[in-house]
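*Asks:* Show me how the following folds:
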Amino acid sequence: MSGYEAVLERIAQAAHRAGRRPEEVTLLVVSKGQSLEAIRSVYNKGHRLFGENRVQELLAKKPHLPQDIQWHLIGHLQTNKVKAILPHIVLLHSLDRESLLAEITKRAETPVPCLIEVKVAQEPTKHGIVPAALDAFVEKVLETPKVQLRGLMGMASLTTDSEQVRREFRQLYKLFVKLRERYPHAAIDTLSMGMSGDFEIAVEEGSTLVRVGSAIFGAY
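*Replies:* Numbering: from 1, shown residues only. Take a look at the predicted model:
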């Protein structure tokens, strides 16, 4: 069994433990640091959703890979890279500040599907909107015709304390449910949480999209 197939099986098992259907969870294969050959090997298994952390790396790889790959940008996006990346991605996971919202509004030709990055981890290095400021930021995003709000993204703390990770994911899930209830007419359908070290907990706590790289390709 390949790393890719093993991750799909682990997602399915986590979903079953939570009384969910595996089809409710989308796997985004994170190809950061991976060769074109490694990406093609997963593509050849039928997978089409890939994510990159850095604009330059995505733009360098994309021309050399099949054009039906759907690219997501999951890393922090600098405002000076917005114009270059927007035509190449189907979803931005890291809308995390008003200056980025303003730049997208300025540069986008068509509405950009975005997730708001929320900071639930207890780490100063993490980006994101703090939960207390989320409602006000959501209002600004929904007033912006150039952005299509699709949901939330977040990262748990990097810790061996699985209960802390679970608490943080649970907090993010509650924010997601509240958002969907408050704005039922918005196309809010994506909760991006869970990475190689914690995606099973994320699935158990309601994630609809997990971002997995090293568990598929191996550590690098």
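*Asks:* Val130 against Glu117, yeah?
*Replies:* No. Between Val130 and Glu117 there is no contact under C-beta atoms under 8 Å: 10.8 Å. From N, CA and C alone the C-beta is placed, and that goes for glycine too.
*Asks:* what about those two, which has more around it?
*Replies:* Glu117 (24 against 10; other C-beta atoms under 10 Å).
*Asks:* So that one, which state does it fall into?
*Replies:* Secondary structure, DSSP: H, G, I helix; E, B strand; the rest coil: Glu117 is strand.
*Asks:* List the residues that contact it.
*Replies:* By C-beta atoms under 8 Å, 6 or more residues apart in numbering, the residues touching Glu117 are 93-96, 127-129, 152-154.
*Asks:* Of those residues, grab the buried ones for ChimeraX.
*Replies:* A single ChimeraX command selects the buried members of those (16 or more other C-beta atoms under 10 Å):
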select :93,94,95,96,128,129,152,153,154
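*Asks:* List of residues touching the longest helix belonging to the chain?
*Replies:* When the chain is scanned for its longest helix (criterion: DSSP state H), the result is helix 162-182. The contact list for helix 162-182 (C-beta under 8 Å, 6+ apart) reads 118, 120-122, 131, 134, 138, 151-152, 154, 156-157, 159, 188, 191, 193-194, 198, 201-202, 204-207.
*Asks:* what bits of the chain have low per-residue confidence?
*Replies:* 219-220 (pLDDT under 70).
*Asks:* what packs against the longest strand anywhere in it?
*Replies:* For the chain, the longest strand by residue count, based on DSSP state E, is strand 147-154. If you count contacts as 3 or more C-beta pairs under 8 Å, 6 or more residues apart in numbering; DSSP states H and E, strand 147-154 packs onto strand 91-95, helix 98-107, strand 112-117, helix 131-142, helix 162-182, strand 190-193.
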